[in-house]
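In: Have a look at this fold, sequence not included:
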């Protein structure tokens, strides 16, 4: 069996997916705005040999429930929320091997600025940065940026395709690998003949510029994506190296993964699902802990989150009334996943029974052996490569996992006992630091620049 | 005499102002893309009780000399260059008191994204972030962002005024100081009645959004600015708390400072100039060191930098021919400063004699006592508050300054012997963490939000 990949799944906020957990006396999520909180987490994950820390992000507030942000504010449902990119340098300084996958919405920032930001993080982390490409789905985020609403779904992906073309050119196309000479004796840092300006003139973006940064270890960050719609899957298959799959059952996930791998072939693609794990030394200890956690769960918080994820204001239905999904507001791919999982005519109460302390899948609750069994059977039945472990009570949910489950997985030979050397991409795929030939970034790679003669002697 | 404020003046690149220094055998500037480089620097500055680390930035390449970026590339003149904001979290984690003033161009990023980025850094550093507001002056940066050239000078400041209004609303106007309750017992993190959406509808920006972040210690970062033109001074007087003044002589600087203080009164304003210091245990040691450094200076690098700063392609003139400044390309305020300093009909050679290892002012070279004398007379004669020390050979130029000059300044009672507690703003002005009333940010401050009733019990 292949090796299990493990990421911690987190967000730079108090309540990420399992809402209400911050009220648990042992929870430390309210420390989300301190650097020590994140550096300690990163070091713990590295001790546990996690592949990465995966950071979600949104740029708007969840305001669909009751048509107000009030329930999200009360329950700290992804608000307050700070910029996840800012956590990476401190965590990168405190660790050596851990990868960082950060969600960034490409809809609102010029490609040149964003490309420099990510290249900077790739330099500073020695090649440990990944990017979860999102185009956003919240009208509230669009209004924050000066638009009246989101672009239409498929238009967002067209824009995203052009954005990717632009950033590939900036990351891969400006500087040859040997452009930097750094020769103190001759005083030449960069050979100008090996640097060229990037010219991109498309429907959405125009760029005429020399990328300001020298090549970073990976050049292009490891690319993650989570497109579920048909258009989203075309995008994922074209660009992504790792995908997150939201499908409530193993069979559903497998269908999606098979489809994505077929579309991206022969380029390999790693697939992840998000899951919560509650474990203890024994099954009973785990179940008791789950009961304890459930007492701190917030129904209002879970509903506020689900309402925006699905585009449905549950306040318009009774708790036991079938939720009628009407056209334009609903986010179809997410609604379909719920219907596939619960069945037609599902109610708000059924949704909440399922979602409290879960997300697309109910949490795995059990002894370390039971958790290992469940993870391994997910891997086999759904043909996935690993998991984004979503947090419950922090940091004990991860401390427990690392202390109890990781040794079981190692004993079974399905989890590494030491990090491999190299960049995040090299660690994940074992095929070098750079994107492989065949990936669309390859067509953006450098060609020599016309040689500029020096008019002045460059040394006095 | 008032206390001297000291910032280190740096940039996330190899060559900042004194070009060619990276070729010196003891220079470590080529480590600019490693976190340890910056964390060590920040810790050294904190040991030396520096007020801040000030980071320059540009978004384009210097390509005016010979109409190509080749001279800048060869000499590493601010290229390669990475994102300075990414250095702050690691340095913030490694220090407790040091402030961080970071240059960010407001022309290309939506106010909402930028406001979250800076609020995040203010949270993570516990209120130690400052912002040097720039509108950019490089056509090469505009072309990187999809424009054919810069906006006209005064139009950039009009846009900047509206940008400031928007970010003040986002930083100051969304969340009341007591909005966050963080009560585990009731499960209420934020009181929604104390948070409101921001609505900004101006000529350039439209925002309808709840700021995603809770109030950070300073809310608005400490505001730096360096506007030299008349329009720039109006902007600085309106917004800035600290200004950088580029005027080659003490009398010039004093005129500018007097003018800025008169315009901003009664609000206090701190004024800084940038200067290079070369010191040793004796005057002879300092002069020998200066000679050693000069042997590594790059004329081509200095010219490439000056050509873009002034908007003049020196390759069109002989070395000893008066430089004719023709209209549209030239950056008038910078050209005027040179003419005021050297006199009319200056030549490229005269400029280089002045600029090699200096910038607007020649470097201060001398024993620790001589350096202290020079700094103190600058303070008195130009009525400034402190200095941005630009780097020569790093880190020895700062190590030497801290070891030799700081104790002399302390013995004379003009430099602190310990940090004051509090945020960057509190340390600088002693008047609290927030901008004072009377500052335009004050008008953006919160008013209560309409109370939203809860339809669902927020706890199960």
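Out: Thanks, I have the structure now. Remember, predicted model here, so these are calculated numbers, not experimental data.
In: and the stretch 201-350 of chain A, which residues reach chain B?
Out: With CB under 8 Å from any CB of the partner chain as the criterion, the stretch 201-350 of chain A meets chain B at residues A:205-210, A:212-214, A:216, A:297-301, A:303, A:315. For every residue, glycine as well, the C-beta is placed using N, CA and C.
In: Could you tell me which of those are located in strands?
Out: Among these, the ones falling in strands (DSSP state E) are A:206, A:207, A:208, A:209.
In: Turn those residues into a markdown table, columns for pLDDT and neighbour count.
Out: Shown next, in a markdown table, are those (pLDDT from 0 to 100; neighbours: other CB atoms under 10 Å in any protein chain shown):
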| residue | pLDDT | neighbour count |
| --- | --- | --- |
| A:206 | 93 | 18 |
| A:207 | 95 | 23 |
| A:208 | 94 | 18 |
| A:209 | 95 | 28 |
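In: Could you pull out the strands in chain A for me?
Out: Using DSSP E, the strands of chain A run over A:5-11, A:52-56, A:99-105, A:129-134, A:180-183, A:188-190, A:198-201, A:206-209, A:222-225, A:242-244, A:270-279, A:364-366, A:386-390.
In: wait, which of those strands is closest to residue B:322?
Out: Among the strands of chain A, the nearest to residue B:322 by CB to CB is strand A:188-190 (31.2 Å).
In: quick one: the helices in the stretch 51-200 of chain A?
Out: Along the stretch 51-200 of chain A, counting by DSSP state H, counting those that start in this stretch, helices occupy A:70-75, A:88-94, A:111-124, A:139-144, A:153-172.
In: Check the stretch 351-460 of chain A too.
Out: In the stretch 351-460 of chain A, the helices defined using DSSP H, counting those that start in this stretch lie at A:368-382, A:396-400, A:406-411, A:424-429.
In: cool, the stretch 201-350 of chain A as well?
Out: Along the stretch 201-350 of chain A, the segments classed as helices by DSSP H, counting those that start in this stretch run A:230-239, A:250-264, A:283-294, A:299-310, A:332-342, A:348-355.
In: near chain B at all, stretch A:99-116?
Out: Yes: using CB under 8 Å from any CB, stretch A:99-116 reaches chain B at A:108, A:109, A:110, A:112, A:113, A:116.
In: Make CSV out of these and add distance to residue A:383, neighbour count and pLDDT.
Out: Listed next are those as CSV, based on distance: CB to CB, whole Å; neighbours: other CB atoms under 10 Å in any protein chain shown; pLDDT from 0 to 100:
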residue, distance to residue A:383, neighbour count, pLDDT
A:108, 35, 19, 90
A:109, 35, 19, 91
A:110, 38, 21, 93
A:112, 38, 26, 97
A:113, 38, 17, 96
A:116, 37, 23, 98
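In: Pick out the most distant pair among the residues you listed.
Out: Across the residues of stretch A:99-116 next to chain B, no pair lies farther apart than A:108 and A:116, at 15.7 Å, counting by CB to CB.
In: Let me know which of the helices of the stretch 201-350 of chain A is tucked in deepest.
Out: Of all these, helix A:299-310 has the most neighbours on average by mean count of other CB atoms under 10 Å in any protein chain shown, namely a mean of 26.
In: measure the residue most central in space within chain A to residue A:241 for me?
Out: Nearest to the mean C-alpha position of chain A, by CA atoms, centre = their mean, lies residue A:132 at 4.3 Å. Separation of residue A:132 from residue A:241 (CB to CB, to the nearest Å): 11 Å.
In: do the same with residue A:212
Out: Here the criterion is CB to CB. By it, residue A:212 lies 25 Å from residue A:241.
In: now residue A:228
Out: Residue A:228 sits 18 Å away from residue A:241, going by CB to CB.
In: Please say which of the two ends up with more neighbours.
Out: Set residue A:228 next to residue A:241 and count neighbours by other CB atoms under 10 Å in any protein chain shown: residue A:241 wins out with 24 against 20.
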